[in-house]
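Undergrad: Using only what follows, build the 3D model:
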Amino acid sequence: MSNPSIGFLGAGKMATALAQGFLKAGLVDAPRLFASDVVPAAALSFSNATGGRSLPGNREVAAVADVLIVAVKPDQVAGVLHDVRDVLDPQRHRILSIAAGVSIASLESAAPGQRVIRVMPNTPALVGASASAYALGSVATAEDGVLAQRLLGSVGLALKVKERLLDAVTGLSGSGPAYGFLMIEALADGGVAAGLPRDIAQRLAAQTLLGAARLVLETGQHPGALKDAVCSPGGTTIEGVHELEKGGVRAALIAAVRAAADKSCRLGQS
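TA: Next up, the predicted model:
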């Protein structure tokens, strides 16, 4: 599937971010991008942001798109797939679900015989910096895995995992951008408290976290070792790290990931 048309069943923020990422990566042209949404304003916003076509309903999207990305709330997934199941063709269609907590078994029950892939992306797909993971359904092929890797890899990092790990992925990278934004905001507030203008503090905070992340990814060193390299004996950084440890920042972040992962698991059971 070298030049697939892509349809979004649900046109919210994550769908729009992925679509814009695919466009920026040159993976799809706007005329081959489609979406539907029960909220007309969401469909209009998708079209305005991407140049893709918003269609009246899910069945219309399934009729023209090769790859269908299910981008609705978890409790709406089964209904959406039931809505289009009689127009699906397993030889033609590939179904990717980005709904948190919805298992492959549930997807295949709602769309019997279809080639499904469960995916957990995140919103930095918009700038080509997503951290995504995916798991293949029981009848999905190696070729389908290549397609998922191509789609998700075009907008950032994409890793194939066992399905049982996807709730943990949701808690870490799916929800993680919000944790990162919170840290950037807090660091910028600290800079303002120390006397920096707001705009300078925010840019420095964002670039600092970006630089730290790139060092981890590009050097392959353990983040603890990189942290130690910044902490000179009796210096300023170790004083700051001490305050973070006193505030329980490390434990709070671990707890946040676990809480979000647990919530994803409960969503799949409801």
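
Undergrad: quick one: the strands in this structure?
TA: Secondary structure of the chain (DSSP state E): strands at 6-9, 33-36, 53-54, 67-70, 94-97, 116-120, 130-136, 156-160.

Undergrad: Now tabulate the ones you listed in a markdown table and tack on distance to Ala25.
TA: Placement of C-beta: from N, CA and C, glycine included. Shown next, in a markdown table, are the strands of the chain (distance: least, Cβ to Cβ, whole Å):
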| stretch | distance to Ala25 |
| --- | --- |
| strand 6-9 | 12 |
| strand 33-36 | 13 |
| strand 53-54 | 20 |
| strand 67-70 | 14 |
| strand 94-97 | 16 |
| strand 116-120 | 16 |
| strand 130-136 | 11 |
| strand 156-160 | 10 |
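
Undergrad: Tell me which of these lies nearest to Arg266.
TA: strand 116-120 (15.6 Å; Cβ to Cβ).

Undergrad: Tell me the pLDDT of Gly128.
TA: If you check Gly128, the pLDDT there is 88.

Undergrad: Give me the phi and psi for it.
TA: Backbone geometry at Gly128, expressed as degrees, to the nearest 10, gives phi 70, psi 20.

Undergrad: Low-confidence ranges, this structure, go.
TA: Counting by pLDDT under 70, the chain has low-confidence residues at 1-2, 270.

Undergrad: Indicate which one of the strands of the chain is closest to Gly145.
TA: Per Cβ to Cβ, nearest to Gly145 of these: strand 130-136, 5.5 Å.

Undergrad: Run through the neighbouring helices and strands of the closest one.
TA: For strand 130-136, the elements it packs on are strand 116-120, helix 142-153, strand 156-160, helix 166-169, judged by 3 or more Cβ pairs under 8 Å, 6 or more residues apart in numbering; DSSP states H and E.

Undergrad: what's the most buried one of those?
TA: Greatest average neighbour count among those goes to strand 116-120 (a mean of 27), per mean count of other Cβ atoms under 10 Å.

Undergrad: Excluding its own residues, what touches that strand? List them.
TA: 94-98, 100, 102-104, 107-108, 132-137, 140, 144-145, 148, 152, 163, 166, 169-170, 173-174 (Cβ atoms under 8 Å, 6 or more residues apart in numbering).

Undergrad: Of the helices and strands packed on strand 130-136, which is nearest Gly248?
TA: helix 166-169 (21.6 Å).

Undergrad: tell me, how many neighbours does Arg203 end up with?
TA: The criterion is other Cβ atoms under 10 Å. On that basis, Arg203 has 15 neighbouring residues.

Undergrad: sorry, back to before: tabulate the helices and strands packed on strand 130-136 (CSV), appending distance to Leu267.
TA: Listed next are the helices and strands packed on strand 130-136 as CSV, based on distance: least, Cβ to Cβ, whole Å:
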stretch, distance to Leu267
strand 116-120, 12
helix 142-153, 21
strand 156-160, 21
helix 166-169, 9
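
Undergrad: Out of those, which is closest to Asp199?
TA: The nearest among those, by Cβ to Cβ, is strand 156-160 at 27.0 Å.

Undergrad: Which strands or helices does that closest one pack on?
TA: Checking 3+ Cβ pairs under 8 Å, 6+ apart, strand 156-160 ends up next to strand 130-136, helix 142-153.

Undergrad: what distance separates it from the centre of its chain?
TA: Centroid displacement of strand 156-160 relative to its chain, using Cα atoms, centre = their mean, to the nearest Å, is 10 Å.

Undergrad: List the contacts of that strand.
TA: Against strand 156-160 from outside (Cβ under 8 Å, 6+ apart): 21, 121, 124-125, 128-136, 145, 148-149, 151-152.

Undergrad: Might you report the residue contacts of Leu151?
TA: 22, 27, 67, 96, 158.

Undergrad: got it, and Pro121?
TA: Counting by Cβ under 8 Å, 6+ apart, Pro121 has contacts 14, 18, 98, 130, 132, 152, 155-156, 174.

Undergrad: Val216 now?
TA: 223, 226.

Undergrad: From Leu18, how far off is Val192?
TA: Val192 is 34 Å from Leu18, where distance means Cβ to Cβ, to the nearest Å.

Undergrad: ok, the two, which is more surrounded?
TA: Taking neighbours as other Cβ under 10 Å, Val192 and Leu18 compare with Leu18 leading, 29 against 15.
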